[in-house]
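*Asks:* Quick one: sequence plus predicted model below, questions after.
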Amino acid sequence: MALELQSVSKNVDGETHISDVSVRCNPGEFNVLLGPTLAGKTSLLRLMAGLDEPSAGRIMMAGQDVTGLPVRKRDVAFVYQQFINYPGFSVFDNIASPLKIAKISKDEIAARVEKVADLLGLTPFLQRKPLELSGGQQQRVALGRALAREAELVLLDEPLANLDYKLREELRAELPKLFQNTGSMVVYATSEPEEALLLGGQVIVLHEGQVQQAGATLEVYNSPASLQAAMTFADPPLNVLPAIKSDAAEVKSLDGDLTLKVNGNASAVAEGAKCTVGFRPHQLGLARTSECEVELKGRVTLTEITGSESFIHVEAVGERWTALAHGIHAPEVGAEVSLFLDPETAFVFAGGAGNG
Amino acid sequence: MSKLRLTPVLYIVFLMVPIYWLLTMSLKTNAEILGGFSLWPKDPTLANFRTILTDASWYSGYINSTIYVVLNTIISITVALPAAYAFSRYRFLGDKHLFFWLLSNRMAPPAVFVLPFFQLYSSIGLFDTHIAVALAHCLFNVPLAVWILEGFMSGVPKEIDETAQIDGYSFPAFFTRIFMPLIASGIGVAAFFCFMFSWVELLIARTLTSVDAKPIAAVMTRTVSASGLDWGVLAAAGVLTIVPGAIVIWFVRNHIAKGFALGRV
């Protein structure tokens, strides 16, 4: 019952929203669609749902071409970022609405709604109208409708983005579990790399309407296939250094001041070619942790303290980077600090640095 | 009483004077009305009302007016609902121009349309029928209803339409079971405006009718007899003409401000 998009494109008014996307989602999988705003996440979800028709390409469901099939004939559930419920219906009727249309028996409907309401903590509110509930509860009603339906394909378009912090944490932890038992394919769109890591499962990295990389979430995080994929799947932003491969196992910064022994990491780059070194903030520390680390000098421009960690924004080798230090560190702005980087853990991508 | 409270009171008194005068006139005899100045009826009588409610040439005016006004309201709302939905949800060639053009129909004085309507309806045998007036009033009321309903519909997120589609509702089921209840106050306000404009419109209604569908406003202007005007009965007719509007406005009083803002509050 897999969902497969075959070189799907979508153009609206001469603008390309989705460009040649091929993706496969398998039953029971939790897929995270990760991309910054305007990457085309919502467009892609709408294509998957059948709310929009692709300009080119095919959409296959369980081996059948469903490209032109109207959405009401498909077995899909969709949860929006905004809390969308039928304002005139009670919570019970909201959750039951797709079941009633599907002509399921009354007892079965009541049983399913009860079960879902219990899972989502909505039991006391079943007779209320959605607008009498808090934002978090409203979104639970929308999720409840998607759950009770037991649809083959469940599409969640940043469902937690409009919720406050505490509720998000709670629901985020519950979501994969909720859908795990239904056997549905879930596609969850988010703009936050951190959320993708917390949800686990599979990830599809989307940038400007194109799939950068797809695969198991941790695998994609640990070995991004391209600079763009690495930059999209990074928060805080990826540190980049434009460089030239000077030797089989070495890259040099463009001004030649810095040499990094990256060993096998640069195997994809031809010798003498331009390349880009990328590494995450946690790979750039303020203290030496191993022998092979390179020491750099940088100037502090800003410090962000989250409590257990401090992000120190520095200017080093002419680039703006972010370093991570555990605990609270508050170096003065303008102060010179030593930075330590293990070049063997850095990613090396062919080509010059992107504009990001 | 403070000055601040005095001002609205004065204003309301000023507004109510003609209505009060109409009401007292309807309760006076002709002799008293013409006899001199009196603030309230010295010898109140319901004879004027009795005349209207028993004389067919009077009460048939009310029946005729009610028939074509209700017909017009039903037609206008039925036609305007799908039109407003299209304007609010879809983009099509020339939609914005068409939307504006619809409203510009309201800007022309009714007198402009009297001659073509009269000639057209006479030649196809619709003259002096209720449906003739109802259809003619659609020219003004359909654009207005479309405007009001479009505003209310645009206030409903498009995602609700899509959620209904995803849930498997057919379009008619979605429209009647989910969408119309959401814009119920808009439908009420639009119906009220159609009712009101059709009820007070005189020129077209009078021109397109002669006997069988003669509206009350026309009956009122044709009551000059040899013995002069029957003031008391005319005043009673005026009072009865205000009543339907007052009843209808009572039902939509909470939504009327939103209606004037075309739903965009």
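*Replies:* Everything's here; your move.
*Asks:* Residue 188: what secondary structure?
*Replies:* Unless you meant another one, I'm taking chain A. At residue A:188, secondary structure determined by DSSP: H, G, I helix; E, B strand; the rest coil is strand.
*Asks:* Spatially nearest residue to it (excluding sequence neighbours)?
*Replies:* residue A:156 (4.6 Å; CB to CB, 6 or more residues apart in numbering or on different chains). The way it works is simple: take the backbone N, C-alpha and C, and place the C-beta from them, glycine included.
*Asks:* Equivalent analysis for residue A:195, please.
*Replies:* residue A:172 (6.7 Å).
*Asks:* ditto for residue A:10
*Replies:* residue A:18 is the one closest to residue A:10 (CB to CB, 6+ apart), at 4.0 Å.
*Asks:* How far off centre is the host helix or strand of that neighbour?
*Replies:* Using DSSP states H and E, residue A:18 maps to strand A:15-25. Distance, stretch centre to chain centre, for strand A:15-25: 16 Å (CA atoms, centre = their mean, to the nearest Å).
*Asks:* which residues are in contact with that strand?
*Replies:* Strand A:15-25 is contacted by residues A:2-11, A:31, A:40, A:43-44, A:47, A:54, A:57, A:153, A:185, A:187, A:202, A:204, A:206, A:208-211, A:214 when judged by CB atoms under 8 Å, 6 or more residues apart in numbering or on different chains.
*Asks:* Over to stretch B:85-97?
*Replies:* With CB under 8 Å, 6+ apart, stretch B:85-97 has contacts from B:98, B:99, B:146, B:149, B:150, B:153, B:154, B:158, B:161, B:175, B:179.
*Asks:* coming back round to it: tell me which of the contacts of strand A:15-25 fall in helices.
*Replies:* Those of these mapping onto helices are A:43, A:44, A:47, per DSSP state H.
*Asks:* any idea which of these is closest to residue B:47?
*Replies:* residue A:43 (74.6 Å; CB to CB).
*Asks:* Can you check what pLDDT the model gives residue B:191?
*Replies:* Note on residue B:191: pLDDT of 92.
*Asks:* How many residues are close by it?
*Replies:* Neighbour count of residue B:191, defined by other CB atoms under 10 Å in any protein chain shown: 22.
*Asks:* can you pull the contacts of residue A:230?
*Replies:* Contacts for residue A:230 (CB under 8 Å, 6+ apart) come out as A:224, A:238, A:278, A:347, A:349.
*Asks:* Give me the subset of the residues you listed lying in strands.
*Replies:* Counted as lying in strands by DSSP state E, out of the contacts of residue A:230, are A:278, A:347, A:349.
*Asks:* is it possible to export those to a markdown table including neighbour count, pLDDT and distance to chain B?
*Replies:* What follows is these, written out as a markdown table (neighbours: other CB atoms under 10 Å in any protein chain shown; pLDDT from 0 to 100; distance: CB to the nearest CB, whole Å):
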| residue | neighbour count | pLDDT | distance to chain B |
| --- | --- | --- | --- |
| A:278 | 21 | 90 | 38 |
| A:347 | 23 | 89 | 39 |
| A:349 | 24 | 89 | 39 |
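*Asks:* What helix or strand is the residue in the stretch 1-150 of chain B that chain A sits nearest to located in?
*Replies:* Distances between the stretch 1-150 of chain B and chain A by CB to the nearest CB are smallest at residue B:91, namely 9.9 Å. Assessed by DSSP H and E, residue B:91 sits outside every helix and strand.
*Asks:* Phi first, then psi, for it.
*Replies:* The phi/psi pair for residue B:91 (degrees, to the nearest 10) reads phi -110, psi 130.
*Asks:* where exactly do the helices run in the stretch 101-250 of chain A?
*Replies:* Using DSSP state H, counting those that start in this stretch, the helices found in the stretch 101-250 of chain A span residues A:106-120, A:135-149, A:165-180, A:193-199, A:217-222, A:227-232.
*Asks:* so who does residue A:326 touch?
*Replies:* Contacts of residue A:326 by CB under 8 Å, 6+ apart are A:308, A:309, A:310.
*Asks:* what about 7 Å?
*Replies:* Residue A:326 sits next to residue A:309 when contact means CB atoms under 7 Å, 6 or more residues apart in numbering or on different chains.
*Asks:* Check the gap between it and chain B for me.
*Replies:* Plainly put, residue A:326 is 43 Å away from chain B if you go by CB to the nearest CB, to the nearest Å.
*Asks:* which residues does that residue form a beta bridge with?
*Replies:* residue A:309 (DSSP bridges).
*Asks:* give me the element residue B:244 is part of.
*Replies:* Per DSSP H and E: helix B:231-252 holds residue B:244.
*Asks:* Which strands or helices does that helix pack on?
*Replies:* Applying 3 or more CB pairs under 7 Å, 6 or more residues apart in numbering or on different chains; DSSP states H and E, we find helix B:231-252 packed against helix B:3-26, helix B:30-35, helix B:47-54, helix B:184-200, helix B:216-221.
*Asks:* Let me know the angle separating it from helix B:3-26.
*Replies:* Relative orientation of helix B:231-252 versus helix B:3-26 (axes from the mean of the first three to the mean of the last three CA atoms, to 10 degrees): 130 degrees.
*Asks:* what about residue B:183, neighbour count?
*Replies:* If you count neighbours by other CB under 10 Å, residue B:183 ends up with 24.
*Asks:* re earlier: model confidence at the residue nearest to residue A:10, what's the number?
*Replies:* Per-residue pLDDT puts residue A:18 at 92.
*Asks:* quick revisit: tell me the spacing between the residue of the stretch 1-150 of chain B closest to chain A and residue B:81.
*Replies:* 19 Å (CB to CB, to the nearest Å).
*Asks:* Then residue B:108?
*Replies:* Residue B:108 sits 24 Å away from residue B:81, going by CB to CB.
*Asks:* now swap in residue A:285 and tell me
*Replies:* Applying CB to CB to residue A:285 and residue B:81 gives a distance of 66 Å.
*Asks:* Repeat that for residue B:154.
*Replies:* Distance, residue B:154 to residue B:81, using CB to CB: 14 Å.
*Asks:* More neighbours: which of those two?
*Replies:* residue B:81 (21 against 17).
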